[in-house]
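Asker: Pasting the sequence and the predicted model now:
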Amino acid sequence: MTSAVQLAGLRREFNGRAVLDGIDLELARGEFLALLGASGTGKTTLLRILGALDRPDAGTVLVPRARTIVFQEPRLVPSKRVLANVLIGLERGPQSELTGRRALAEVGLERHADAWPGTLSGGEAQRVALARALVRKPELLLLDEPFAALDALTRLRMQDLVGELCRKHRPAVLLVTHDVDEAVRLADRVAVLREGRLVRDERVAVARPRDPADPDFAALRRRLLNDLGVPSAAASLEGAVE
Ligand SMILES: Nc1ncnc2c1ncn2[C@@H]1O[C@H](COP(=O)(O)OP(=O)(O)OP(=O)(O)O)[C@@H](O)[C@H]1O
């Protein structure tokens, strides 16, 4: 399979209402796609189907077996220390312990390997969740609003970290987010879900490092906010950037 993800004619309904209604989507290996959409448009449903946490009513789903999910909240096991959380479900032994410690080092938490999750800040706990996802060497990394619960500064740092680690390890990524700037900063491609369909699927043609003041960034932000039904937000954001 040359692509990491292939969806065709995907349909999912709840109580007779189609939340996803004929989604076709292909994601290349190593490609980073951000999926935007207003609340309740089915973004998480799509992610859950890719993660095999839900099944479509119709359509085909081709995904790699090696896939991991990071949710909005870190979901660490409080009774296990940080390193043990990273290694949950993996075969134990010196090699996996070393791999787990390396993953913690990548997210800047090597010194917290023996800490209890309850002693970590929200941002640190989310970095442990990221290490736990990456240590499994996923071909597909599913990120469901992983930064939404973080304060603004931690969110920016975490976005940088995720961008850096994804460029290093090259999983295909689906990032579900409400945040247009986050999508444009990180993704190779942005898609917008509305009324069960993808109403936009566009390559991000903004030079890196991505700067919100770049005219291409601002223009794409405007198109996306327009798709999301809040064109007025673009004007106020641009006022804030200038
Ligand atoms: N298991 C379920 N049973 C019934 N309805 C569901 C179920 N899961 C999701 N839905 C409905 O499907 C719709 C889409 O939900 P989903 O969580 O995928 O949206 P979303 O775009 O991720 O929203 P948000 O951005 O608010 O997280 C919502 O109307 C939701 O109530």
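Answerer: Everything's here; your move.
Asker: how is this protein carved up into domains?
Answerer: 3-66+138-232, 77-137 (the TED database).
Asker: Nearest approach to the ligand belongs to which of the ones you listed?
Answerer: Shortest distance between the ligand and these, using Cβ to the nearest ligand atom, is found for domain 3-66+138-232: 3.2 Å. Using the backbone N, CA and C atoms, a C-beta is placed for each residue, glycine as well.
Asker: for that closest one, the distance to its chain's centre please.
Answerer: 7 Å (Cα atoms, centre = their mean, to the nearest Å).
Asker: Span of it from start to end?
Answerer: 37 Å (Cα to Cα, to the nearest Å).
Asker: Just the mean pLDDT for it, thanks.
Answerer: For domain 3-66+138-232, mean pLDDT is 97.
Asker: Whether it contacts the ligand - can you check?
Answerer: Yes: residues of domain 3-66+138-232 contacting the ligand under Cβ under 6 Å from any ligand atom: 14, 19, 37, 39, 40, 41, 42, 43, 44, 45.
Asker: Identify each buried residue in the lengthiest helix in the chain, please.
Answerer: Counting by DSSP state H, the longest helix found in the chain is helix 152-169. Neighbour-count burial for helix 152-169 flags 154, 155, 157, 158, 159, 161, 162, 163, 165, 166 (criterion: 16 or more other Cβ atoms under 10 Å).
Asker: Output the residues of domain 3-66+138-232 next to the ligand in JSON lines, with distance to residue 51 and neighbour count appended to each entry.
Answerer: Below are these laid out as JSON lines (distance: Cβ to Cβ, whole Å; neighbours: other Cβ atoms under 10 Å):
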{"residue": "14", "distance to residue 51": "18", "neighbour count": "11"}
{"residue": "19", "distance to residue 51": "16", "neighbour count": "20"}
{"residue": "37", "distance to residue 51": "17", "neighbour count": "22"}
{"residue": "39", "distance to residue 51": "20", "neighbour count": "6"}
{"residue": "40", "distance to residue 51": "19", "neighbour count": "9"}
{"residue": "41", "distance to residue 51": "18", "neighbour count": "21"}
{"residue": "42", "distance to residue 51": "14", "neighbour count": "24"}
{"residue": "43", "distance to residue 51": "13", "neighbour count": "25"}
{"residue": "44", "distance to residue 51": "10", "neighbour count": "19"}
{"residue": "45", "distance to residue 51": "11", "neighbour count": "21"}
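Asker: Who are the contact partners of residue 38?
Answerer: Contacts here follow Cβ atoms under 8 Å, 6 or more residues apart in numbering; on that basis residue 38 touches 194, 228, 229.
Asker: Could you list everything the first one pairs with in the sheet?
Answerer: So the one you mean is residue 194. residue 197 (DSSP bridges).
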